[in-house]
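> Test case, fold it:
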Amino acid sequence: MHAFPAGRLSGQADKLASLAAEGAEEADRTGVLSPELVAALSGSGLPRHFVPARWGGSDGTFTELTAALVPLGRSCSSAAWVGSMFAYTARFATHLPVPAQEEVWADGPDPLWVPGLVPTGRSRRVGGGYRLTGRWTYVSGSEFADWALLAGPRTGPGTAPPLFHAVPRADFAVERTWDAVGMRATGSHAVVLDEVFVPEHRTVPLPEVLGGSNRTSDSVQHNVPLPAVGGLTCLTPVLGAARGALSACVTTVAGKRAGSGSATLDVALTGAAAAVDAAALLVERLATVLDAGESRVHALRNARDGAFAAGLLREAVDGLMRAAGTAAQDRGGALQRNWRDVTVATSHAALRMDKAASAYADSLAKD
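Numbering: from 1, shown residues only. Predicted coordinates:
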């Protein structure tokens, strides 16, 4: 099975994955990650991975982060998804003005950050900053967060350009709205603010973040346009879940394969394994391109590759469920849990081919 190079997070990866595996079934049943696992995520190095070294962070790479998140996703997709949000949202926070960075990382580099990327609500200019009101949905990890980065105001005629607002946990409420069939413990609830004051220094124009224009850091990893990430934030947990599904399927069908007529099962297992490995190669290339500083050159290809890899993984896990048959349907089984997680995760806009295809097809027409 394809493996990513070990990085500075690797020392925590096995321990974290083991803890996540122990609680995966309970997290799926209750829809909540255990306090012990959240504490382990906080101390794992994930929240500080992209934080600048001057604030005690790791100044890490996309390749290193991917290497840590994939095995975690194999153990528990929800844990890997939340850990990914913590790491990648802290990368967004490196765009904040230096006084804000001094504030948010004053006590260390491990606050838990979550994103509200879609501009919504109202951001009203007042003396020294803004008054922010609104409701941001599907904010993964919100119930565990120390800080949220929320985009607003809602775009429309006559509205000001949207900003990212850094808001501490004391200033927002969480509505428990997430009750999906998969990725159940991601805590992807709604974040609600009512006339919260956000100082000017805790804001940054959203186009700067989306466009990868960082005024405070010249690090390659801090200057990546969001489209160039190509869904990597969401894709690494899915790759891990697909590997978990393959392993679970092998166990589930072991008895069938011991009998006669196992050729169909063998074809299904082999095809799924090849699809998962192919997706892993695309994921590795995507991370390597970002770390090489080639994100702007390959932004459209990255988005295409992320969506295509997601499709490979979804089809592979669908095939495993069909091959395993009735034995895979048990409510407590790992295969059906991974199947539900992959199905829900790959519905995310960042992993949909229709989002990536138009821009990429336009680029082909210009060649």
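> just checking, what packs against whatever helix or strand L282 lives in?
Assigned by DSSP states H and E, L282 belongs to helix 263-291. Packing partners of helix 263-291 (3 or more Cβ pairs under 8 Å, 6 or more residues apart in numbering; DSSP states H and E): helix 62-75, helix 232-252, helix 254-258, helix 299-324. To be clear about C-beta, it is placed using only N, CA and C from the backbone, and glycine gets the same treatment.
> Could you dump those helices into TSV with distance to D28 added?
Shown next, in TSV, are the helices and strands packed on helix 263-291 (distance: least, Cβ to Cβ, whole Å):
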stretch	distance to D28
helix 62-75	12
helix 232-252	12
helix 254-258	23
helix 299-324	16
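> Tell me which residues of the lowest-mean-pLDDT helix or strand in the chain come out buried.
Sorting the helices and strands of the chain by mean pLDDT, DSSP states H and E puts helix 254-258 at the bottom, at a mean of 73. Residues of helix 254-258 classed as buried by neighbour count (16 or more other Cβ atoms under 10 Å): K256.
> ditto for stretch 326-334
328, 333-334.
> got the contact list for stretch 38-52?
8-9, 12, 15-16, 19, 33, 56-60, 64-65, 68-69, 79, 82-84, 86-88, 90-91, 93-94, 101, 105, 109-113, 144, 217, 219, 221-222 (Cβ atoms under 8 Å, 6 or more residues apart in numbering).
> and these, which are buried?
Using 16+ other Cβ under 10 Å, the buried ones in these are 8-9, 12, 16, 19, 33, 57-60, 64-65, 68-69, 79, 82-84, 86-88, 90-91, 93-94, 101, 105, 109-113, 144, 217, 219, 221-222.
> pLDDT below threshold where in the stretch 251-367 of the chain?
Counting by pLDDT under 70, the stretch 251-367 of the chain shows low-confidence ranges at 258-261.
> returning to what we had before: so which of the buried residues of stretch 326-334 would you say is closest to A245?
Set against A245, the nearest of the buried residues of stretch 326-334 by Cβ to Cβ is A334 (7.6 Å).
> list the contacts for the closest one?
24-25, 244-245, 247-248.
> swap the cut-off to 6 Å and go again
Neighbouring residues of A334 by Cβ atoms under 6 Å, 6 or more residues apart in numbering: A248.
> all strands in the protein, in order from the N-terminus.
Per DSSP state E, the chain carries strands over the ranges 113-116, 122-126, 129-139, 147-152, 163-168, 173-175, 189-199, 203-205.
> count of neighbours near the residue nearest to R176 when sequence neighbours are not counted?
For R176, ignoring the flanking residues on the chain, the nearest one in space by Cβ to Cβ, 6 or more residues apart in numbering is H189 at 5.2 Å. Per other Cβ atoms under 10 Å, the neighbour tally for H189 reads 22.
> before we move on, what about P153?
21.
> oh, and call the first residue 18 from now on, that's how I've got it
Taking 18 as the first residue, the last one we looked at is P170.
> Correct me if wrong: it contacts S140.
Yes: using Cβ atoms under 6 Å, P170 is in contact with S140, at 4.3 Å.
> Tell me which of the contacts of stretch 55-69 fall in helices.
Counting by DSSP state H, the part of these found in helices is 29, 32-33, 36, 81-82, 85-86, 96, 99-101, 103-105, 107-108, 110, 118.
> got a list of what W195 touches?
W195 neighbours (Cβ under 6 Å, 6+ apart): 205-206.
> Check what pLDDT it gets.
For W195, the pLDDT comes out at 98.
> any idea how far it is from V221?
27 Å (Cβ to Cβ, to the nearest Å).
> same deal with D322?
28 Å.
> cool, and D76?
Shown here: D76 relative to V221, a distance of 19 Å by Cβ to Cβ.
> returning to what we had before: quick one, the helix holding L299 and helix 79-92 angle?
150 degrees (axes from the mean of the first three to the mean of the last three Cα atoms, to 10 degrees).
> How far off centre is helix 280-308?
Counting by Cα atoms, centre = their mean, to the nearest Å, helix 280-308 is centred 19 Å from the centre of its parent chain.
> angle of it against helix 249-269?
Using the same axes, to 10 degrees: helix 280-308 against helix 249-269 is 160 degrees.
> re earlier: so the residue nearest to R193 is in contact with T194, correct?
Yes: between H206 and T194 there is a contact under Cβ under 6 Å: 5.1 Å.
> So which bits of stretch 366-382 are buried?
For stretch 366-382, by 16+ other Cβ under 10 Å, it's 367-369, 372-373, 377.
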